[in-house]
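>>> Got a predicted structure here, sequence first:
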Amino acid sequence: TDETQPRHFLDVDDLTEEELFTVLDRATEYKRAVEAGEDHADLPGQTLGMLFQKASTRTRISFETGMTQLGGHAIFLGQDDIQLGRGEPLKDTSRALSRYVDVVMARVFKHENVEVLAEYADVPVVNGLTDDAHPCQTLADLLTIREQEGGFDEVSVAWIGDGNNVAQSFTIGAALTDLDLTVATPEGYELDDAVLERARDLGGDPTTTHDPVEAATDADVIYTDVWISMGQEDERDVRMDDFEGFQISSELLEHADDASVMHCLPAHRGEEITDEVIESDRSIVFDQAENRLHAQKALLSWLLE
Ligand code: CP
Ligand code: NVA
């Protein structure tokens with residue numbers, strides 16, 4: 001790698017396995033520091049620029065709060081608040097931003113747009129979700145699973161639902177941590193072949209199926225996400241039909257007695273998950289949401305080291 005180029009985090013496998021564990025360990029340490037009320041202002045005077053083309057609750061708040069806790073600052077840049085929305089090219093936005101801020105986080109539609117940002121930025125670029133990937137979510141997910149299960153060895157996770165951005169980054173993260181992953185999607189909603197190939201190259205061996213019960217059976221963790229991601233609102237009717245049988249319900253959980261239930265949120269109760277399940281003590285969705293904060297602080301301080 002070129003030492004003059006910043007490190008970017010566009011997907012989980014931009015980190016090696018060793019680096020991933022370094023970030024997760026640092027996240028655990030930050031979580032402890034927050035709980036103990038210890039000062040950990042590791043990024044004094046540093047600024048994060050946060051570019052958003054899509055809505056966000058958790059990503060925005062956890063990054064902004066995280067920078068405050070690290071002694072730095074974050075700026076929210078909605079696409080219609082900056083000249084990007086009026087047609088300024090992304091490559092110019094990236095170069096201008098780079099002259100002010102120390103690190104950029106971006107939530108965009110096309111994955112290639114975070115690649116353009118990274119290509120033109122002189123500072124690290126972090127993917128805050130694209131149509132294809134959500135690696136910051138995966139960091140929090142892995143932290144949550146490690147806390148819940150005590151490690152990754154012999155832990156089986158079932159992804160049940162859409163083979164979407166969250167599923168794809170999680171599949172890469174599962175390969176790097178040796179989780180035993182089964183991905184159940186309806187036909188036509190599978191993970192991209194390229195993602196499966198990357199996972200296998202990293203030593204992963206994800207099982208894919210179209211049968212949610214097969215995936216759920218004896219799983220330690222069951223993970224789902226919305227059936228209609230941001231930008232897919234027009235596909236609602238056909239997706240609601242296609243995902244029939246994939247809801248995380250009490251009936252499905254009968255196949256996995258001890259499974260914890262994960263969801264990256266926001267959730268649509270009555271669609272991919274029932275209200276009963278998400279409100280039950282199986283659900284660890286708010287631990288997952290909290291862990292966004294700790295994991296991203298660790299990532300930012302590692303990238304800016
Ligand atoms: N899980 C997640 O990224 O949530 P937001 O869309 O609220 O940021
Ligand atoms: N798959 C969802 C995740 C939101 C955090 C979406 O892309 O809308």
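Structure received. Ligands and ions are numbered 1, 2, ... in the order given.

>>> show me where the stretch 201-305 of the chain has helices.
For the stretch 201-305 of the chain, the helices defined by DSSP state H, counting those that start in this stretch cover 212-216, 236-242, 250-253, 275-278, 285-303.

>>> how about the second one, does it get close to ligand 2?
Think helix 236-242. No - contact of helix 236-242 with ligand 2 (Cβ under 6 Å from any ligand atom) is absent, the minimum separation being 12.0 Å. In short, each C-beta sits where N, CA and C put it, glycine included.

>>> from the chain's centre, how far out does that helix sit?
Taking Cα atoms, centre = their mean, to the nearest Å, one finds helix 236-242 lying 24 Å from the centre of the chain it belongs to.

>>> now for the helix or strand harbouring residue 105, which elements pack on it?
If you go by DSSP states H and E, residue 105 is part of strand 103-107. Judged by 3 or more Cβ pairs under 8 Å, 6 or more residues apart in numbering; DSSP states H and E, strand 103-107 is in contact with strand 47-52, helix 58-69, helix 90-98, helix 111-120, strand 125-127.

>>> ok, now with 6 Å
Here strand 103-107 touches strand 47-52, going by 3 or more Cβ pairs under 6 Å, 6 or more residues apart in numbering; DSSP states H and E.

>>> which helices and strands sit right next to the strand it packs on?
Using 3+ Cβ pairs under 6 Å, 6+ apart as the contact test, the elements touching strand 47-52 are strand 73-78, strand 103-107.

>>> And residue 247, how far from residue 166?
Applying Cβ to Cβ, to the nearest Å, the value for residue 247 to residue 166 is 17 Å.

>>> Of these two, give the one with the bigger neighbour count.
residue 166 (26 against 19; other Cβ atoms under 10 Å).

>>> The host helix or strand of that one and ligand 2, are they touching?
In this structure, residue 166 sits in helix 165-177 according to DSSP H and E. Yes - taking Cβ under 6 Å from any ligand atom as the criterion, helix 165-177 and ligand 2 are in contact, through 165-166.

>>> Run a quick neighbour tally on the nearest residue to residue 187 once chain neighbours are set aside.
Among residues not flanking residue 187 along the chain, residue 210 sits closest, at 5.6 Å (Cβ to Cβ, 6 or more residues apart in numbering). Each residue near residue 210 was counted by other Cβ under 10 Å, and the total is 15.

>>> any chance of the helices and strands packed on strand 47-52 in JSON lines, plus mean neighbour count, distance to residue 305 and mean pLDDT?
Formatted as JSON lines, these follow (neighbours: other Cβ atoms under 10 Å; distance: least, Cβ to Cβ, whole Å; pLDDT from 0 to 100):
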{"stretch": "strand 73-78", "mean neighbour count": "17", "distance to residue 305": "18", "mean pLDDT": "98"}
{"stretch": "strand 103-107", "mean neighbour count": "28", "distance to residue 305": "11", "mean pLDDT": "98"}
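
>>> Using CSV, lay out the ones you listed together with distance to ligand 2.
Converted to CSV, those look like this (distance: least, Cβ to the nearest ligand atom, whole Å):
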stretch, distance to ligand 2
strand 73-78, 17
strand 103-107, 9
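
>>> low-scoring stretches of this protein, by residue?
Low-confidence segments of the chain (pLDDT under 70): 1-3.

>>> which residue ends up closest to the midpoint of it in space?
residue 137 (1.9 Å; Cα atoms, centre = their mean).

>>> Surely that residue is in a helix?
Yes - judged by DSSP: H, G, I helix; E, B strand; the rest coil, residue 137 forms part of a helix.

>>> Ignoring the adjacent residues along the chain, who's closest to it?
Counting by Cβ to Cβ, 6+ apart, residue 137 lies nearest to residue 264, which is 5.1 Å off, once chain neighbours are set aside.

>>> The one you found and residue 225 touch, don't they?
Yes - the pair residue 264 / residue 225 is scored as a contact, 5.4 Å apart, by Cβ atoms under 6 Å.

>>> got the helices of the stretch 201-305 of the chain as CSV, with mean neighbour count columns?
What follows is the helices of the stretch 201-305 of the chain, written out as CSV (neighbours: other Cβ atoms under 10 Å):
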stretch, mean neighbour count
helix 212-216, 21
helix 236-242, 13
helix 250-253, 17
helix 275-278, 16
helix 285-303, 23
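
>>> which one of these lies closest to residue 152?
helix 285-303 (15.0 Å; Cβ to Cβ).

>>> does the closest one come close to ligand 1?
No - for helix 285-303 and ligand 1, the contact criterion (Cβ under 6 Å from any ligand atom) is not met; the two come no nearer than 7.0 Å.

>>> ok, residues contacting that helix?
Contacts to helix 285-303, defined as Cβ atoms under 6 Å, 6 or more residues apart in numbering, come from residues 7, 23, 26-27, 30-31, 42-43, 58, 62-63, 66, 70, 124, 136, 139-140, 143-144, 262-263, 265.
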